[in-house]
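A.B. asks: Just a sequence and a predicted model for now, questions to come.
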Amino acid sequence: MRPTAPHPGLRPCRALAALALATALATPAAAQLPRRDVVAVPALAEGLCVSNLFQTNMVLQRDRPVTVWGWAAPGERVTVEFAEARASATADAERRWRAMLPPMAASATPRALTVRGAQATLTLENVLVGDVWLLGGQSNMEFELAKVENGALEIVSANEPLIRVLTVPYGVGPERREGFARLQEWSDWFGRHFAKGDWDVCTPAVASELSAIGFAFARRVHRASGVPIGVIDASRGGTTLEAWTPLEVLRGMSSAPVEAALDEWDARAAAWDPAQDLERRRAERLEALARVRAEGRAVPEELAREPDDLRPGPLGDPNFPGGSFAGMIGPLTGLSLRGVLFHQGYNNALNGMPGVRLYRDVFPEMIRAWRAAFGDPELPFGILSLCTEGPPQTRDDYVERMLDTGVHIRAVQYEVFLALSEAGDRDLGFASCYDLRRPWYHPQLKLPAGERLARWALATQYGFERELDWRPPRLLDMQPREGALLLRLEREVGAPEGGAIEGFAVAAADGRFQPADVAYVTVGEDERGRPRLDRSQLLLSSPLVAEPLHFRYAWGRSPLGNLQALGHLDLPFATQRSDAWDLGEVPVGALGAPLEGDLTRAQRARLLDVLRGEDLRRRVAEAEAFLALHGAASSDPGR
């Protein structure tokens, strides 16, 4: 849509962005694809306009009031009409207007939404009424369908006219943005442009660049409910949790890790000198030009122009606290939604235990802030825990691979879910994906992850609670018992195909964890004299841990762990622990004094030696036990 043109038949779509790109390429100065964003429709236009959040092909949220907003001349009366509903508003001195339509039932019938001002009329066509879900997080949420396993099969069958897709362009703060442009956005990471900011009907071409998790979720929810689904992807790779939390919320928290992070960012911002940075870049360009010419090479495009822009420095970093919230959630604030899906954590894990402590404090506040931004304190919020990275943990190297910050982030995500749920929050969802493992930090098993969140949404929001089970098996309590730990769960659990349960480790007060042998509790005999097993009670033990006091489960970045709810083998037992030891405190006293910051390289190397020693001690003990049991028999020549 061109917001300044009073044309009733305007249809905003990717064609506008493609037209702008083609026009740019047709000029002599752009003989090759420009390595910069190419804007088709600006965030805010002259005259009467609506936010680019409202376009042809969009989905409006059903059963809730729908606010539509935009800009007009100060004092101009604006009327919004859709189906039988009508609402009016008057633009304020800053040109802003907001009109609220009453709740509407779901409808798959395409209809027009009109916005009338004093002299212009804007028409958005092919608008549906259904459910709108927001995707948030970093690159593993953003990861496109074209890159995942079985993605090609999904793409060729992705003709879904009642699923609509909007990908929000990258934006940063520190001030909250009121809108976003529709553009072809350049990616240095991929070396190409991506269409951003357009509401599109889901087709194979559109689906290929959509979040794979978002696509799998939307497809399942739409097919089960029959309701039109809108998916808004506002995720961005390489971002931290604090970047997605409003800055004012962070500054109002009483949290030492948050205060330390804010102080560090504030100091960097205060030290930034835009003019000095510009001079440095100009000098670097001249040096690079001299090298290129001396080598007789053609001058590349990035060196052809002298820099003349003053950069914002730390304030323009997407990870400046609150920056990504201001730049990408800010333009959506006030929109009616059905719910949120959130998948993030990798970049916080790069900050060591300070990052973990910050995550523990910030995550519940971030959830509350997003709900407040969309005017719904009970907005459904689905958490997908941190995904895997690196080689899989085995029993042989279990203890060594416990030394990882990411698993602490994963455990905190489940801890926050449990704490808020037990405090009465009935609108939180949770799904693990640690079993969807691949060595890359973008594991390509995304479709099952999206379907796990779809199971939660269908069970809790769409009336399928009798047909679908989504809750991970929950631990009720833990008790020491005769050289073992007794775990009592709320439901029966087991390993796939009835094999051995793997992934638990136990430790005594010394924090020397060892992989645990797991057995069900025997509760009598059946009529044939066979043991009756209670599969909701587990006994954890290790011959190297005489008096276990604590357990950890699936405690690795790509963890060993196969415990599932019986009868529902796609409901993993979540990564969790009973102890409160930080990274570097296990085994107890291995580094001397407790850590206040993150591990140094020397400390990490020392800990790895100790942990590898624990693995070696176990393997030696297991070998000796094997020889004691089988050695005599194997040496008997008569056998």
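C.D. replies: Nice, I can see it.
A.B. asks: Grab the CA positions of stretch 162-176 and hand them over as PDB.
C.D. replies: This file holds the C-alpha atoms of stretch 162-176, laid out as PDB (Å, rounded to 0.1, in the frame of the first residue of the first chain):
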ATOM      1  CA  LEU A 162      -5.500 -19.000   5.400                       C
ATOM      2  CA  ILE A 163      -2.100 -18.600   6.900                       C
ATOM      3  CA  ARG A 164      -0.600 -15.200   6.600                       C
ATOM      4  CA  VAL A 165       3.000 -14.100   7.300                       C
ATOM      5  CA  LEU A 166       4.800 -10.900   8.400                       C
ATOM      6  CA  THR A 167       8.500 -10.700   9.100                       C
ATOM      7  CA  VAL A 168       9.400  -7.500  11.000                       C
ATOM      8  CA  PRO A 169      12.500  -5.700   9.700                       C
ATOM      9  CA  TYR A 170      15.500  -5.400  12.100                       C
ATOM     10  CA  GLY A 171      15.300  -2.300  14.300                       C
ATOM     11  CA  VAL A 172      17.000  -1.000  17.400                       C
ATOM     12  CA  GLY A 173      16.400   1.600  20.000                       C
ATOM     13  CA  PRO A 174      17.200   3.300  22.300                       C
ATOM     14  CA  GLU A 175      13.900   5.200  21.600                       C
ATOM     15  CA  ARG A 176      10.900   3.000  21.000                       C
END
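A.B. asks: So which bits of it are buried?
C.D. replies: Buried positions in stretch 162-176, judged by neighbour count with 16 or more other C-beta atoms under 10 Å: 162-174, 176. Yep, even glycine has a C-beta here, placed from its N, CA and C like the rest.
A.B. asks: Would you mind checking which of the residues you listed is nearest to residue 48?
C.D. replies: Using C-beta to C-beta, residue 166 is the member of these that sits closest to residue 48, with 21.8 Å.
A.B. asks: which residues does the closest one contact?
C.D. replies: Residues in contact with residue 166 (C-beta atoms under 8 Å, 6 or more residues apart in numbering) are 53, 55, 58, 197-200, 230-233.
A.B. asks: just residue 588 next, same as before
C.D. replies: Going by C-beta under 8 Å, 6+ apart, residue 588 touches 509-511, 581.
A.B. asks: And for residue 228?
C.D. replies: So residue 228 contacts 59, 106-108, 128-131, 162-164, 222 (C-beta under 8 Å, 6+ apart).
A.B. asks: out of those residues, which are inside helices?
C.D. replies: residue 222 (DSSP state H).
A.B. asks: Please produce TSV containing the contacts of residue 228, extended by distance to residue 278 and pLDDT.
C.D. replies: TSV is the format used below for the contacts of residue 228 (distance: C-beta to C-beta, whole Å; pLDDT from 0 to 100):
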residue	distance to residue 278	pLDDT
59	44	98
106	53	98
107	54	98
108	54	98
128	48	98
129	50	98
130	48	98
131	47	98
162	50	98
163	46	98
164	42	98
222	50	98
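A.B. asks: could you flag which of the contacts of residue 228 are buried?
C.D. replies: 59, 106-107, 128-131, 162-164, 222.
A.B. asks: thinking again about what came up before, so which of the contacts of residue 588 is the closest to residue 472?
C.D. replies: residue 581 (23.2 Å).
A.B. asks: Just confirm the closest one contacts residue 511, I think it does.
C.D. replies: Yes - at 5.7 Å, residue 581 counts as touching residue 511 under the criterion of C-beta atoms under 8 Å.
A.B. asks: about what we covered before: ok, of the contacts of residue 588, which one's closest to residue 211?
C.D. replies: Among those, residue 581 lies closest to residue 211 (C-beta to C-beta), at 35.7 Å.
A.B. asks: Just to be sure, that closest one is in a strand?
C.D. replies: No - using DSSP: H, G, I helix; E, B strand; the rest coil, the assignment for residue 581 is coil, not a strand.
A.B. asks: now it: how far from residue 614?
C.D. replies: 14 Å (C-beta to C-beta, to the nearest Å).
A.B. asks: hang on, the earlier thing: show the buried residues in the contacts of residue 588.
C.D. replies: For the contacts of residue 588, a neighbour count by 16+ other C-beta under 10 Å gives the buried set as 511, 581.
A.B. asks: would TSV of the contacts of residue 588 with secondary structure, pLDDT and distance to residue 64 be doable?
C.D. replies: Converted to TSV, the contacts of residue 588 look like this (DSSP: H, G, I helix; E, B strand; the rest coil; pLDDT from 0 to 100; distance: C-beta to C-beta, whole Å):
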residue	secondary structure	pLDDT	distance to residue 64
509	coil	97	53
510	coil	97	55
511	coil	97	50
581	coil	95	45
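A.B. asks: Adding distance to residue 285, write the contacts of residue 588 out as CSV.
C.D. replies: CSV is the format used below for the contacts of residue 588 (distance: C-beta to C-beta, whole Å):
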residue, distance to residue 285
509, 61
510, 59
511, 54
581, 51
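A.B. asks: got the domain boundaries for the chain?
C.D. replies: Recorded structural domains for the chain (assignment: automatic domain parsing) are 1-245+322-468, 247-318, 475-624.
A.B. asks: which one of those domains is the most hemmed in?
C.D. replies: Mean neighbour count (mean count of other C-beta atoms under 10 Å) peaks for domain 1-245+322-468 among the domains of the chain, with a mean of 20.
A.B. asks: Work out the gap between it and the centre of the chain.
C.D. replies: Centroid displacement of domain 1-245+322-468 relative to its chain, using C-alpha atoms, centre = their mean, to the nearest Å, is 11 Å.
A.B. asks: need the longest strand for this structure.
C.D. replies: When the chain is parsed with DSSP state E, its longest strand is strand 121-137.
A.B. asks: what pairs with that strand, and is each one parallel or antiparallel?
C.D. replies: Strand 121-137 has its sheet partners listed here by DSSP bridges as strand 59-61 (parallel), strand 107-116 (antiparallel), strand 229-233 (parallel), strand 339-343 (parallel).
A.B. asks: With only the CA atoms kept, save it in PDB.
C.D. replies: Taking C-alpha atoms only, strand 121-137 is exported to PDB below (Å, rounded to 0.1, in the frame of the first residue of the first chain):
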ATOM      1  CA  THR A 121      -9.300   6.900   1.600                       C
ATOM      2  CA  LEU A 122      -7.000   3.900   2.000                       C
ATOM      3  CA  THR A 123      -8.200   0.300   1.300                       C
ATOM      4  CA  LEU A 124      -6.600  -2.900   2.600                       C
ATOM      5  CA  GLU A 125      -7.900  -5.900   0.800                       C
ATOM      6  CA  ASN A 126      -8.100  -9.700   1.500                       C
ATOM      7  CA  VAL A 127      -8.100  -9.200   5.300                       C
ATOM      8  CA  LEU A 128      -9.100 -12.200   7.400                       C
ATOM      9  CA  VAL A 129     -10.100 -12.500  11.100                       C
ATOM     10  CA  GLY A 130      -8.400 -15.300  13.100                       C
ATOM     11  CA  ASP A 131      -5.500 -15.700  15.500                       C
ATOM     12  CA  VAL A 132      -2.300 -13.800  15.400                       C
ATOM     13  CA  TRP A 133       0.800 -15.300  17.000                       C
ATOM     14  CA  LEU A 134       4.100 -13.500  17.600                       C
ATOM     15  CA  LEU A 135       7.500 -15.200  17.300                       C
ATOM     16  CA  GLY A 136      10.300 -13.800  19.400                       C
ATOM     17  CA  GLY A 137      13.900 -14.700  20.200                       C
END
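A.B. asks: Can I get the strands paired with strand 121-137 in JSON lines including distance to residue 72?
C.D. replies: Listed next are the strands paired with strand 121-137 as JSON lines, based on distance: least, C-beta to C-beta, whole Å:
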{"stretch": "strand 59-61", "distance to residue 72": "21"}
{"stretch": "strand 107-116", "distance to residue 72": "9"}
{"stretch": "strand 229-233", "distance to residue 72": "25"}
{"stretch": "strand 339-343", "distance to residue 72": "31"}
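A.B. asks: wait, which of the ones you listed is closest to residue 101?
C.D. replies: Going by C-beta to C-beta, the one of the strands paired with strand 121-137 nearest residue 101 is strand 59-61, 7.8 Å.
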